[in-house]
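[1] pasting the sequence and the predicted model now:
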Amino acid sequence: MSEAGEASLPDRIRTCLVTSITDGMFAPRHFFQNWFRGNGSAYFFLFQKNLSVTNIQVAELLALLRSYTTRTDTGRAVRDLQFLSVQEFNSSVQSIVESYVSSHLAGDTLKHIGSLYTDLLRNIVVIDLYFGSCAVFMPHNLSLDHRSVCAFSGFIHSCGPSLLNRNISKATKGEFFEKLEAFLQSRSDLQAPVQFIVYAHEDYTPHDRRLSSELRRGLDEVKVFLDKYYVGNESLVSVLKDLRKQFAGRLDVPEHDHYKKLLEDAETVNNMPGSISTIWLLVDRRPGPELRNPSDRQYFLCYFQEFRNENSLLIFDENKPAWIDHTTLPHSLTAAMINVTRPWWSSPEVTIGDLFAGTGTTLLECLKHGAHIFGTDTCPIVQTMVMDNLSFFSMEPQDLENLCLALEEAESIHPAERLKEGMKTFDIQRKKTSTTEAYFWALDIFQQICPDPHSSDIVLTAEHAEAINAKGFDQRIFLYLALRTHRRNFASLEREESDWYGAYKKQSADLREQIRRLIRLRQRQARGRELPGKVIVFPGWYSESCGLEPSAFRALVSEKSLGICVFEKDARKFPPNSCDVIVTDPPYGFNTRTNPEELGELYRDVIGVMLRALKGEGQIMIALPDWSYTGRQVPHFVTKQIVTHQLLAAAEREGLEVFQEAYSVPYPGQSLRAPYYWESERALRRAILHFRVRNPKPRQALPTI
């Protein structure tokens, strides 16, 4: 748009005001519809997890909106977006108009209002928040790259244009059909017919239980009970029948067994159509007074799914193959933590640090952004584990298939007396293969680093690390599985509820299922197209999918550049002046017998290290325990209150300023600011802190390690 086009904004505002006045009375709801749906754009974002799990997905969405919104006239990024709820927006506009009521809202007055408040209205984005989803309304002068928002996110499941969001008690078939008709007429680019699918329990729930842990407290809660719901006085089933007739040839409403058939087709990606479009109908609730609980108000939500987030890392989340402990952050949460910091990146060449690198979760998520990473960890096999995970995600489909076959072969090997108390020798006669040798070696090392069958602790010495590092991934994968079996099933093994062999086979089978999902994903990605950056768009079952380009992993493996950025070091030796952003998850003694005095000293010291690690201006995102659901006491000195006070005190000593930029967030306001919460259903609640730090007198950068 030219400058003349930008100058037409006051005229647009005036036109929307005029059409929102009936019998001399201003109706803010009509102005909202005219300003956003009539002149602007409306988007819908479905979250992987709802507010009972976390609120950081909302902060992540707001940050990504700020990162991927540009002005339609200049193409420049917009950094001063202000976010309001629907109610806040309507109330604000009504108050402005009512200030001129003595002028009887004449044409000149409306033009004056449009001119006076152009700068305000052009930067307001309205957020309509639900318990597990969100609608976003943008004025016409702003353009959103919602594909990138979806591709780079941790918690967004899918997104596309919002067609309808209506309180169930007020919904009518006429309005519903009108919205569908308007959308289809506006999108002549779509290949007819477009799928229309009700996300119904009756169709999906009987067949998706293999994904129950992913769907629980998220997508399960937005499903519709098809046989129970009504639109006005008509059953939803009856409305769907009428919809089939009225939109014949333009909308395809699949039969009730469509999802079962899709699962059968999904085993062979060659059956997938090249292009498909889907309009979804689902239900969601408003957040309640307590954000973690939904209210009783329920809404029909209808949206056109344009993009689905299929980042391969999300398949595994906390279960990457190279694994040593289950207290790692999930990839969805790590991605969200990184994204929350993005509006304040000074340049794309950002450096992100993780003082407790673990198995490389932060590193892998940074690949999407092309960021540099510094990582430290005291684990003597940290570099090996990170490299193993990186190599795994760079594997070709055939290599992944071979890995599955090796895992399946190992599952057939019964260790007999080998893994009972004492764990001395194998009572087994079996022809040696590369798999049996690797499996036996893994159990040998496992016995050494887990010598006490009555303890979940791991004893990993330098000698063990040398032996482990000398082997290849094909051998280490069995050790990682043995450790996972030990740590995750320790309690049930202790009370003899399960046996080690059975527990191992289950862990291995779960990993094989995830790998096969990755194989099918890779096969679809091979039919995709690369976009600028690290993102690829490829065929999905209900829309196009987007995610991290596999070559991003392969490039790092081929360059063998990992050794210069992840180190076996104490976090207290992290290099100063090295990072723009720190994203980390410190240990907190929840699942280990860590000495409280040592842990307290670590926290005291590492807070100052993090501050000194930042460049002239930087950010810290840190995950901390907030509440234990298991009865295990969380030391008070690792909680958000103490750490916040310690960080502020350390910043004062270092001559640094901790500050927060002023920008609005929608209702419920403070509940959507840091500290954020993230809940594990059976273990603990984490608090996610976000600090912005600057040095009035920037230090000279030092050489990095």
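    That came through, no problem.
[2] tell me the contacts of residue 122?
    With contact taken as Cβ atoms under 8 Å, 6 or more residues apart in numbering, residue 122 is in contact with 9, 139, 141-142. In short, each C-beta sits where N, CA and C put it, glycine included.
[3] out of these, which one sits closest to residue 523?
    Lowest distance from residue 523 to the contacts of residue 122 (Cβ to Cβ) belongs to residue 142, with 37.3 Å.
[4] and the pLDDT at the closest one?
    With respect to pLDDT, residue 142 scores 96.
[5] hmm, it is touching residue 70, no?
    Yes. Under the criterion of Cβ atoms under 8 Å, residue 142 is in contact with residue 70, at a separation of 7.4 Å.
[6] find the residues that touch each one of the two.
    Going by Cβ under 8 Å, 6+ apart, residues that sit against residue 142 and also against residue 70 are residue 78.
[7] wait, residue 638 touches residue 585, no?
    No. Counting by Cβ under 8 Å, residue 638 stays clear of residue 585, with 11.2 Å between them.
[8] can you tell me which strand in this protein is longest?
    Longest strand in the chain, counting residues (DSSP state E): strand 614-628.
[9] list the buried residues in the helix or strand just after it.
    Along the chain past strand 614-628, the next helix or strand (assigned with DSSP states H and E) turns out to be helix 640-654. Under the neighbour-count criterion of 16 or more other Cβ atoms under 10 Å, helix 640-654 has 640, 642-644, 646-647, 650-651 buried.
[10] so where do the helices sit in the stretch 451-600 of the chain?
    462-470, 473-488, 490-494, 500-525, 551-559, 596-613 (DSSP state H, counting those that start in this stretch).
[11] in this structure, which residue is closest to the centre?
    Note on the chain: the residue nearest the mean C-alpha position is residue 154, at 1.6 Å, using Cα atoms, centre = their mean.
[12] for that residue, which non-adjacent residue is closest in space?
    Once flanking residues are discounted, residue 154 sits nearest to residue 335: 2.9 Å by Cβ to Cβ, 6 or more residues apart in numbering.
[13] give me the domain ranges for the chain.
    When the chain is parsed with automatic domain parsing, its domains come out as 40-81+123-309, 313-394+550-694, 397-525.
[14] would you turn those domains into JSON lines with distance to residue 117?
    Shown next, in JSON lines, are the domains of the chain (distance: least, Cβ to Cβ, whole Å):
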{"stretch": "domain 40-81+123-309", "distance to residue 117": "10"}
{"stretch": "domain 313-394+550-694", "distance to residue 117": "16"}
{"stretch": "domain 397-525", "distance to residue 117": "47"}
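[15] go through the ones you listed and name the closest to residue 16.
    Smallest distance to residue 16 across these (Cβ to Cβ): 9.9 Å, for domain 40-81+123-309.
[16] start to end distance for the closest one?
    End-to-end span of domain 40-81+123-309 (Cα to Cα, to the nearest Å): 25 Å.
[17] can you point out the buried residues in the longest strand of the chain?
    Of the residues in strand 614-628, those buried by neighbour count under the rule 16+ other Cβ under 10 Å are 614-615, 617-626.
[18] can you check stretch 212-229 too?
    Applying a neighbour-count criterion of 16+ other Cβ under 10 Å, the buried positions in stretch 212-229 are 214-215, 217-224, 226, 229.
[19] now swap in stretch 677-685 and tell me
    Of the residues in stretch 677-685, 677-679, 683-685 count as buried by neighbour count, 16+ other Cβ under 10 Å.
[20] what do you get for stretch 24-42?
    Neighbour counts using 16+ other Cβ under 10 Å place 26-28, 30-36, 39-42 of stretch 24-42 among the buried residues.
[21] can I get stretch 236-244 in PDB? Just the C-alpha atoms.
    Taking only C-alpha atoms (Å, rounded to 0.1, in the frame of the first residue of the first chain), the coordinates of stretch 236-244 have been written out as PDB:
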ATOM      1  CA  LEU A 236     -26.100 -31.000  15.000                       C
ATOM      2  CA  VAL A 237     -26.600 -34.200  13.000                       C
ATOM      3  CA  SER A 238     -29.600 -32.600  11.300                       C
ATOM      4  CA  VAL A 239     -27.700 -29.500  10.500                       C
ATOM      5  CA  LEU A 240     -24.900 -31.500   8.900                       C
ATOM      6  CA  LYS A 241     -27.500 -33.200   6.600                       C
ATOM      7  CA  ASP A 242     -28.800 -29.800   5.500                       C
ATOM      8  CA  LEU A 243     -25.200 -28.600   5.000                       C
ATOM      9  CA  ARG A 244     -24.500 -31.600   2.700                       C
END
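[22] between the buried residues of stretch 212-229, which is closest to residue 504?
    The shortest separation between residue 504 and any of the buried residues of stretch 212-229 is 23.0 Å, and it belongs to residue 214 (by Cβ to Cβ).
[23] burial count for the residue nearest to the closest one when sequence neighbours are not counted?
    The shortest distance from residue 214 to any residue other than its chain neighbours is 7.5 Å, reached at residue 48 (Cβ to Cβ, 6+ apart). Taking other Cβ atoms under 10 Å as the criterion, the count of residues near residue 48 is 23.
[24] if we can go back for a sec, residue 638 and residue 585 - which one has more neighbours?
    The neighbour count for residue 638 versus residue 585, taken as other Cβ under 10 Å, is higher for residue 585 (25 against 21).
[25] A helix includes residue 283, no?
    No. Counting by DSSP: H, G, I helix; E, B strand; the rest coil, residue 283 falls outside a helix, being strand.
[26] so residue 180, which of the three states?
    Reduced to three states with three-state DSSP, the structure at residue 180 is helix.
[27] before we move on, what about the one 10 residues further on?
    In the three-state summary, residue 190 is assigned as coil, counting by three-state DSSP.
[28] tell me the contacts of the closest residue to it other than its chain neighbours?
    Here the nearest residue to residue 190 in space, its sequence neighbours aside, is residue 277; by Cβ to Cβ, 6+ apart that works out to 5.4 Å. Neighbouring residues of residue 277 by Cβ under 8 Å, 6+ apart: 190-191, 194-195, 304-305, 543.
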